[in-house]
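>>> Pasting a predicted model and its sequence here:
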Amino acid sequence: MNGIDYIPIMIGAFALGEVFSQITSGDNNEFEMSKASNLGTFKLKEFLVHKWAVLRSAAIGSVLGLLPGTGGSIASFVSYGVASKASKNADQFGKGAEEGVVAPETSNNAAAGGSMIPTLILGIPGSPTTAIILAALVLQGLQPGPQLLSDQPTLLYAVCFAMLTASALTLVTGRFGVKAFSSLLRLSYGILATFIIMLSLLGAFAVDNNTMNIWIMLLFGVVGYFMKKYNFSVAALILGLVLGPMMEESLRRQLLITNGDYLTFITSPISAITLLIALVALLLPLFSKKKGS
């Protein structure tokens, strides 16, 4: 009755699905081991090669971060999809393409800052993380909202400074820690797979200490494996699970406001333009593919 939490599904479809795919394909991890020694030698000029992907993903993350309840996960999936469509090497996505890493991580970081705006200004959490921050502010006797700007300007500056500091620390620790992290790729995949499965079981159970989440994770691990095998998008599945309840709630709210009038989705300029943009984004790849063939 309460629905299924998307976290066990995400763990199963992504982590376990990938493990099952690697095991059944018989890969011996030679590619990862050969590349592991090259990690940590990343230079700024190599990053600038993907400057347009960075700017595009930063814009997507900032905009989606502003939307209440979305967060970095949705921004990452959307940016990855946009990057794969815009890239000239789309066939390399899922096989180690640098853009496939740059785009979602940039968008995820951008969404973190954007999600603080509806949290502090409107009192509406922009992500699960900001929901915790919102609860902490309320416990301290602060009321997030428009008045927070005038009543607690020092607090807002402190939050901005803390996020700026966190970004700098992320850059430093990531830059110097990548060599240590890459050493994990030197392990045989049998050892890595064991740890992935173990951590997946712990993560699924830790959501609400419910063993049912473990069975859900295992089920969607199999689903994720077959989706990968037959070239279906696992990210699309997770997006549907995350956005589905939000879309349903918004639809019901709008119909209650308009007494069940569905035409308001077309007659309202904002919703009509949004639907038109979504339709163009849906049909454009089909026409591009047809034109290319």
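That came through fine. Numbering: from 1, shown residues only.
>>> residues near residue 137, how many?
Applying other C-beta atoms under 10 Å, we find 19 other residues in the vicinity of residue 137. Using the backbone N, CA and C atoms, a C-beta is placed for each residue, glycine as well.
>>> Kindly report the same for residue 108.
Burial measure for residue 108: 20 neighbouring residues, criterion other C-beta under 10 Å.
>>> name the element it belongs to?
Under the assignment given by DSSP states H and E, the secondary-structure element containing residue 108 is helix 99-114.
>>> From the contact counts, what lies against that helix?
Contacts of helix 99-114 with other secondary structure elements, assessed using 3 or more C-beta pairs under 8 Å, 6 or more residues apart in numbering; DSSP states H and E, are made with helix 51-66, helix 71-86, helix 153-182.
>>> mind redoing it with 7 Å?
helix 51-66, helix 71-86 (3 or more C-beta pairs under 7 Å, 6 or more residues apart in numbering; DSSP states H and E).
>>> buried stuff in the last one?
Applying a neighbour-count criterion of 16 or more other C-beta atoms under 10 Å, the buried positions in helix 71-86 are 71-84.
>>> Reformat these as JSON lines; add distance to residue 247 and pLDDT.
Compiled in JSON lines, those are given as follows (distance: C-beta to C-beta, whole Å; pLDDT from 0 to 100):
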{"residue": "71", "distance to residue 247": "15", "pLDDT": "66"}
{"residue": "72", "distance to residue 247": "19", "pLDDT": "73"}
{"residue": "73", "distance to residue 247": "16", "pLDDT": "73"}
{"residue": "74", "distance to residue 247": "12", "pLDDT": "78"}
{"residue": "75", "distance to residue 247": "17", "pLDDT": "82"}
{"residue": "76", "distance to residue 247": "19", "pLDDT": "83"}
{"residue": "77", "distance to residue 247": "15", "pLDDT": "81"}
{"residue": "78", "distance to residue 247": "15", "pLDDT": "83"}
{"residue": "79", "distance to residue 247": "20", "pLDDT": "84"}
{"residue": "80", "distance to residue 247": "20", "pLDDT": "84"}
{"residue": "81", "distance to residue 247": "17", "pLDDT": "80"}
{"residue": "82", "distance to residue 247": "20", "pLDDT": "82"}
{"residue": "83", "distance to residue 247": "24", "pLDDT": "83"}
{"residue": "84", "distance to residue 247": "23", "pLDDT": "80"}
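>>> Could you dump the helices and strands packed on helix 99-114 into TSV and include distance to residue 133?
As requested, the helices and strands packed on helix 99-114 are arranged in TSV below (distance: least, C-beta to C-beta, whole Å):
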stretch	distance to residue 133
helix 51-66	14
helix 71-86	12
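>>> quick check, nearest of the buried residues of helix 71-86 to residue 244?
Out of the buried residues of helix 71-86, the one with the shortest distance to residue 244 is residue 74. That distance is 11.8 Å, counting by C-beta to C-beta.
>>> Residue 238 versus the closest one, what's the distance?
From residue 74 across to residue 238, the span is 9 Å (C-beta to C-beta, to the nearest Å).
>>> ok so, going back, next, the angle from the helix holding residue 108 to helix 153-182.
Angle, helix 99-114 to helix 153-182, by axes from the mean of the first three to the mean of the last three C-alpha atoms, to 10 degrees: 160 degrees.
>>> got the angle for helix 99-114 vs helix 51-66?
Here helix 99-114 runs at 40 degrees with respect to helix 51-66, directions being taken by the same axes, to 10 degrees.
>>> Tell me which helix or strand comes right after helix 99-114.
Counting by DSSP H and E, the element that comes right after helix 99-114 along the chain is helix 116-117.
>>> And stretch 167-184, how far out from the chain middle?
Between the centre of stretch 167-184 and the centre of its host chain there is 20 Å, according to C-alpha atoms, centre = their mean, to the nearest Å.
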